[in-house]
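Peer 1: A structural model of the following input is requested.
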Amino acid sequence: MKITEVASLLNVSARAIRFYEEKGLITPDKEPGNQYRLFTEEHIRQLQTIIALREIGVPVEQIKVMLDGLEQGNTAPLHDELEQHRNQLYREWLEMKQLIETADRMLERVQMEHKVDRSWIFKLAEGSKRLRDSRNAWKDRWGFDRLAAIYDEEAEQGAPAHLRPFAEEIGGKYALLLDHMVEWIAPRAGEQGLDIGIGTGNLAERFLAQGALMSGLDQSQSMLNESRRKLPHLHTRLGNWLLIPYFERTFDFVVSSFTLHHLTEEQKPIALEEMTRVLKHRGRICLVDVMFEHEEARERYRRLKEREGDQAVLQSLQERMYADKSKLLAWLRDHGYVTMHQAYSEVLHIVYAIRASD
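Peer 2: Here you go, the predicted structure:
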């Protein structure tokens, strides 16, 4: 088929097809002599893929990576690039939603008071900007992509690499704690669950065995690939605590093990709000991590490790943001949750919450 026929068949312009050719997305045959473009059935299928991906806004550069993989019989680049693109779309949607909500609050105030409080409007906009900046500040400072291949092996030896300074406190409790999380959530068959920071899928695997329908979220593409390798039917998304790429009221429960400490004190409330957003009414949360009962307990523990000369723990306390459990529980209770918690050691805790009111 010639370019005009293909353009008519696919309802695109000939100019667009020529653009895709210029960008190296498609290479039509040429007629001997006049060099008119000739499109085969395979070229048409390629164009259909390109047009479909452009329709959802995938950049040309990403489409090139996807098509190169498909030509080699490899769907992984298509999956990974699509996942990254969806994550970006969701980020833009959530930011737009936040801007609309801020504009609504401004309108409500003006309509109620029939005047403009300029300092209040400025503070409201400033708060919106801080929230956006906090979300955008997220980055992987810990290199989890390179840890994916050895994560399970290290966990079996006592504690994953990022928790090694607390290996003595965790001391063989890693698998036990994951089992306890399943017991506390008590999933029913068919319930929708989300594992944030799914890693290689060790926690999600336990919930799947109970009949729950699990989704996994992680910032590391390598971790997601490993979890899907182990659990082929697992639904996964690329993302993080501050931008959970699912819509409101999707899940019956949200769980996370040993990931909360990657968030700053300013980011933790944002993460809790995100979990609340995606939870259904009466939804449950269960978190396990290194954390402290309160700030006094953190300082007492730090002084103890100073006396012992435990530089690994002291460095970890400085680099990571282990939660103050009292603040965590207070936030949950203030936002309509009923809570339970348990300490397994001075630094190892489990927190459970059920959303009692909206």
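
Peer 1: secondary structure element for the nearest residue to residue 110 once chain neighbours are set aside?
Peer 2: Residue nearest to residue 110 in three dimensions, not counting chain neighbours: residue 116, with 6.2 Å by CB to CB, 6 or more residues apart in numbering. Where you see a C-beta, it was placed from the backbone N, CA and C, and this is true even at glycine. For residue 116, there is no helix or strand it lies in under DSSP states H and E.

Peer 1: Kindly report the same for the one 3 residues further on.
Peer 2: Secondary structure assignment for residue 119, by DSSP H and E: helix 118-136.

Peer 1: Quick check: phi and psi at residue 337.
Peer 2: In terms of degrees, to the nearest 10, the main-chain angles of residue 337 are phi -100, psi 150.

Peer 1: Same check on the one 5 residues further on?
Peer 2: The phi and psi torsions at residue 342 (degrees, to the nearest 10) take the values phi -150, psi 140.

Peer 1: wait, it sits on residue 348?
Peer 2: No. In this structure residue 342 lies outside contact range of residue 348 using CB atoms under 8 Å: 9.6 Å.

Peer 1: I figured the residue nearest to residue 110 hits residue 106, correct?
Peer 2: No. Using CB under 8 Å, residue 116 is not in contact with residue 106, being 9.1 Å away.

Peer 1: For the two, indicate the residue with more neighbours.
Peer 2: It is residue 106, of residue 116 and residue 106, that has more neighbours when counted by other CB atoms under 10 Å, with 16 against 11.

Peer 1: Surely that one touches residue 123?
Peer 2: No. Judged on CB under 8 Å, residue 106 makes no contact with residue 123 at a distance of 11.0 Å.

Peer 1: quick one, helices of the stretch 201-350 of the chain?
Peer 2: Under the criterion DSSP state H, counting those that start in this stretch, helices of the stretch 201-350 of the chain are mapped to 202-209, 221-230, 267-278, 295-308, 311-319, 325-334.

Peer 1: For the ones you listed, which has the smallest mean pLDDT value?
Peer 2: Among the helices of the stretch 201-350 of the chain, helix 221-230 has the lowest mean pLDDT, at a mean of 88.

Peer 1: before we move on, the earlier item: and the helices of the stretch 201-350 of the chain: which comes nearest residue 13?
Peer 2: When the helices of the stretch 201-350 of the chain are compared by CB to CB, helix 221-230 sits nearest residue 13, at 35.1 Å.
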